[in-house]
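# Requesting a structural model of the entry that follows:
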Amino acid sequence: MDWIWTIVAFLLTLAVFSYLLGDNPIFRLVMYIFVGVVSGYVAALLCYQVVWARLIQPVWLGLIQPIMQSRPPTETFAVIPLVMAAFLLAKLSPRLASLGNWVMAVVVGMGAAVAISGAVMGTIFTQFQATLTPFDLQVSGGSGLLEGVIVLVGTVTSLAYFHFGARIQPGKAAQRHFLIEGMARVGQFFIGITLGALFVGVFSAALTALIERLIFLWISISTLF
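Numbering: from 1, shown residues only. Model prediction:
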C-alpha cells in the first residue's frame, strides 16, 4: 500500500509540474481532484464539528430526549440555533428567501463584531503597545530605544500615507498639508520594505515546497530503479 500511494503521489506531482508546459487537461484534472478533496474534507468537518456537535446532539440529548422521558430539558437554548437554521434554509426558495434575512443579518453582524474586535484588540492595541514598549526604560533599559524610534517613525508615517484628507482651495487641485505629504513619502518607504518582506516570505515558502517535491521525485525514482 505504501508503494501504491507513493506512485500516486509521484504521478500527481508530475501532473502539477506539467503546468510548466502550459495549461493542459492533466493539470486541470489534478486541480479538480484537489478542490473536490478539500471541499469534501471541509464539508465533513463542518457536519461533524458544527452541525452534529453544536445542533443535532444538543437538541436531541438536551431537549427532545428529556421531553420523551418526561424529564425537564437541560438545553432549552438549543432550540434557538435550530430555529435559525430552519429560517436560513428558507433562503433556498426564492419565495421564502426573505424569511432568512434576519438570520443573515445576525450572522453578518456577529461576524463583523468579531472581526472589528479582533482588529482593534489584536492589531491596533498590540501595535500601539509594541510601539511604546521600547520607550519604557524600566522594561527595556534603554537598549531598544533606537529600535523603538524606528518602529514609531514607521508606524506614524505609514498611517500618514493612508491619510486622504486634503485642503480644497478655489481654482487649485486638492492638496494635502506638506507635513502629511512628507510623512507619507517616508511611510511609502516603510510600506515598500514591508511588502518586500512579505513577498520574500511567500517566495521562500513556495521555494521550500518546490524543493521538497523535487527531493520526493528524486527519492522515488532512485528507490524504484
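# List the contacts of stretch 79-99.
Arg54, Leu55, Val59, Leu63, Gly100, Trp102, Val103, Met104, Val106 (C-beta atoms under 8 Å, 6 or more residues apart in numbering). Just so you know, the C-beta spots here come from the backbone N, C-alpha and C atoms, and that holds for glycine as well.
# Thr6 - how many residues pack around it?
Around Thr6 there are 15 other residues, counting by other C-beta atoms under 10 Å.
# Kindly report the same for Leu82.
Neighbours around Leu82, by other C-beta under 10 Å: 14.
# Over to the one 10 residues further on?
A total of 9 residues lie near Leu92 under the criterion other C-beta under 10 Å.
# Tell me where this protein has helices.
2-17, 25-46, 57-59, 65-68, 79-89, 101-119, 125-132, 137-140, 145-161, 178-224 (DSSP state H).
# Export the contacts of stretch 79-99 as a markdown table, with columns for distance to Phe190, pLDDT and neighbour count.
Shown next, in a markdown table, are the contacts of stretch 79-99 (distance: C-beta to C-beta, whole Å; pLDDT from 0 to 100; neighbours: other C-beta atoms under 10 Å):
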| residue | distance to Phe190 | pLDDT | neighbour count |
| --- | --- | --- | --- |
| Arg54 | 43 | 86 | 12 |
| Leu55 | 47 | 86 | 15 |
| Val59 | 53 | 87 | 17 |
| Leu63 | 56 | 83 | 18 |
| Gly100 | 45 | 90 | 20 |
| Trp102 | 44 | 93 | 12 |
| Val103 | 43 | 92 | 18 |
| Met104 | 39 | 93 | 13 |
| Val106 | 40 | 94 | 13 |
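# could those be laid out in JSON lines, adding distance to Trp3?
Output for the contacts of stretch 79-99, formatted as JSON lines (distance: C-beta to C-beta, whole Å):
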{"residue": "Arg54", "distance to Trp3": "41"}
{"residue": "Leu55", "distance to Trp3": "43"}
{"residue": "Val59", "distance to Trp3": "47"}
{"residue": "Leu63", "distance to Trp3": "51"}
{"residue": "Gly100", "distance to Trp3": "51"}
{"residue": "Trp102", "distance to Trp3": "56"}
{"residue": "Val103", "distance to Trp3": "51"}
{"residue": "Met104", "distance to Trp3": "50"}
{"residue": "Val106", "distance to Trp3": "52"}
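# Can you give me the domain assignment for the protein?
1-92, 144-225 (automatic domain parsing).
# Val120 is nearest to which of the ones you listed?
Nearest of the domains of the chain to Val120, taken as C-beta to C-beta: domain 144-225 at 15.0 Å.
# Show me how far that closest one is from its chain's centre.
Its chain's C-alpha centre and that of domain 144-225 lie 18 Å apart, by C-alpha atoms, centre = their mean, to the nearest Å.
# what pLDDT, on average, does it get?
Averaged over domain 144-225, pLDDT sits at 86.
# for stretch 114-130, same thing?
86.
# what's next to it, contact-wise?
With C-beta under 8 Å, 6+ apart as the criterion, stretch 114-130 contacts Val151, Thr155.
# For the domains of the chain, could you give me JSON lines that also reports distance to Phe125?
Formatted as JSON lines, the domains of the chain follow (distance: least, C-beta to C-beta, whole Å):
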{"stretch": "domain 1-92", "distance to Phe125": "30"}
{"stretch": "domain 144-225", "distance to Phe125": "13"}
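# Which one of those domains lies nearest to Thr133?
Nearest of the domains of the chain (C-beta to C-beta): domain 144-225, 7.3 Å.
# From one end of that closest one to the other, what's the distance?
End-to-end span of domain 144-225 (C-alpha to C-alpha, to the nearest Å): 57 Å.
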